[in-house]
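Asker: Structure of the sequence below:
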Amino acid sequence: MTKTVAEIAESLGAEVVGDGSRPISGVASLERAGADEIAFIDKPERAEAALQSAAGCLVVPPGVTSDVKPLIQAANPKLAFVRAIQLFQSPRPNLPGVHPTAVVGDSVSLGDGVRIGPFAVIEAGVRFGADTDVGPGVYVGERCVLGAACVLHPHAVLYADVTLGDRVAVHAGAVLGSDGFGYVVEDGVYHKFPQIGRLEIGDDVEIGANTTIDRGALDATVIERGAKVDNLVQIAHNVTVGEHAALSAQVGVAGSSTVEARAVLAGQVGVADHVTIGEGAIVGAQGGVPTGKKIRPKQIVWGTPARPLTEFKAQFAAASRLPKWKAELDDLRARVAEIDDLRAKVAELDALRARVAELDGLRTKAAEVDALRTRLAELERRLDQAPPLPPSQL
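Answerer: Have a look, this model is predicted:
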């Protein structure tokens, strides 16, 4: 398939800068695009490098111009490029009907253009909207309702009473409507709480491979319109995921939690039960949200337990300096030990000085005693040398 730059721009509702007659036959990344392919940049500062690439045409932000190659200016270049990719994709072969190896139960309703692939099992009472595609090995339980243009990829599983809106994509190995993890404990024994609720999935939802979404315990687990759920995600019973929310790989959301519209849970986020993630909030990768916590709308949190991003950054920066601080603390402790040792020696020296002072006092007193002894000896000598008194004076 080949289209001119002008034809592509018209399909995208965008503006052409340069030669609109240039033929384009495909799309590619900027690094690999050839002369007959289109690529994109989403930031003006990347324009200089992009214009030196081999790409035959670029989708660019408004204001980027060039005399080197034709451009298509779009307000959202990445979204425009997505739509350009769709222009060059071959449509799925329209081969409606039920494969001979499929098993289809009683009272199943097939809309126009529905395809049931090899070895699929469709239980009684299921209803399919027009143009829905059921891949090989898919299982659809009793009374499920699927809207128009849904795609169930190979080996997807829908338990009974699951409802899908229009244009829902369910990737390989996903399990929808399985029992929630609900038990009543008595004397250390777990007794199963029957999971008799429903799973309701809105229009334009995409569910990744090997993801599991449990039905409600009594009411419904709800995934609202436009939500995107990545691979290997676990969504528990009675959870509500709002419109256009995004849950990345290996996210786990425990029971009765709410992820409001346009919230984002990055990879490996863990959300405990009865949590509310506010509208437009973002929980960073490997964040952990404790039971009952409420994340405010548009708030960005990170870490475990999840806390505001600025606080997390400050704490993370402090934690990264702990080895340095520990070395400094060890050095200070050694210096304090030296000072304590010096203080002990000073105390000993002060005690010695006190004793020396006492000895000096004793020496002074001894000198005084010696002086007195000398005077006494002198007096005694004088007495001995004095002539005897006449008898008349006696």
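
Asker: Mind telling me what element the residue nearest to the spatial centre of the chain is part of?
Answerer: Closest residue to the average C-alpha location of the chain: Ala285 at 1.4 Å, with CA atoms, centre = their mean. Of the helices and strands defined by DSSP states H and E, none includes Ala285.

Asker: so it makes contact with Val269?
Answerer: Yes: between Ala285 and Val269 there is a contact at 7.0 Å, judged by CB atoms under 8 Å. Quick note: C-beta positions are derived from backbone N, CA and C, even for glycine.

Asker: so what sits against both of the two?
Answerer: Counting by CB atoms under 8 Å, 6 or more residues apart in numbering, the contacts common to Ala285 and Val269 are Ser248.

Asker: Give me the phi and psi for the residue nearest to the centre of the chain.
Answerer: Here is the backbone geometry of Ala285 (degrees, to the nearest 10): phi -50, psi 140.

Asker: distance of it from Glu368?
Answerer: Using CB to CB, to the nearest Å, Ala285 is found at 89 Å from Glu368.

Asker: How about Arg215?
Answerer: Distance, Arg215 to Glu368, by CB to CB: 108 Å.

Asker: Now do stretch 63-76: distance to the chain's middle.
Answerer: On the basis of CA atoms, centre = their mean, to the nearest Å, stretch 63-76 sits 35 Å off its chain's mean C-alpha point.

Asker: first to last residue in that stretch, what's the distance?
Answerer: Length of stretch 63-76, first residue to last, CA to CA, to the nearest Å: 13 Å.

Asker: what does that stretch contact?
Answerer: 5, 8-9, 12, 14-20, 22, 38, 41, 44, 47, 51, 55-62, 80.

Asker: Are any of those residues buried, and if so which?
Answerer: Buried subset of these (neighbour count, 16 or more other CB atoms under 10 Å): 5, 8-9, 12, 14, 16-18, 20, 22, 38, 41, 47, 51, 55-61, 80.

Asker: Now intersect the residues you listed with the strands, please.
Answerer: Val16, Val17, Ile38, Cys57, Leu58, Val59, Val60 (DSSP state E).

Asker: Show me what whichever strand or helix holds Ile85 is in contact with.
Answerer: Secondary structure assignment for Ile85, by DSSP H and E: helix 77-88. Taking contacts as CB under 8 Å, 6+ apart, the residues outside helix 77-88 that touch it are 1, 3, 8, 11-12, 14, 25-27, 38-42, 59-61, 72, 74.

Asker: my guess is Ile72 is in a strand, correct?
Answerer: Yes: Ile72 sits within a strand when classified using DSSP: H, G, I helix; E, B strand; the rest coil.

Asker: Relative to Ser21, how far out is it?
Answerer: From Ile72 over to Ser21 (counting by CB to CB), the distance is 13 Å.

Asker: if I look at those two, which residues touch both of them?
Answerer: Val5.

Asker: what distance separates the helix ranked longest in the chain from the centre of its chain?
Answerer: Secondary structure of the chain read by DSSP state H shows that its longest helix is helix 322-385. Helix 322-385 sits 69 Å away from the centroid of its parent chain (CA atoms, centre = their mean).

Asker: Show me what that helix is packed against.
Answerer: If contacts are counted by 3 or more CB pairs under 8 Å, 6 or more residues apart in numbering; DSSP states H and E, helix 322-385 sits against no helix or strand.

Asker: pLDDT of it, averaged?
Answerer: For helix 322-385, mean pLDDT rounds to 90.

Asker: Just the helices from the stretch 201-350 of the chain, written as ranges.
Answerer: Under the criterion DSSP state H, counting those that start in this stretch, helices of the stretch 201-350 of the chain are mapped to 309-320, 322-385.

Asker: For my notes, please list the ones you listed in TSV and give distance to Lys192 and mean neighbour count for each entry.
Answerer: Formatted as TSV, the helices of the stretch 201-350 of the chain follow (distance: least, CB to CB, whole Å; neighbours: other CB atoms under 10 Å):
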stretch	distance to Lys192	mean neighbour count
helix 309-320	39	12
helix 322-385	46	10
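
Asker: Now tabulate those helices in TSV and tack on distance to Gly252.
Answerer: Output for the helices of the stretch 201-350 of the chain, formatted as TSV (distance: least, CB to CB, whole Å):
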stretch	distance to Gly252
helix 309-320	20
helix 322-385	29
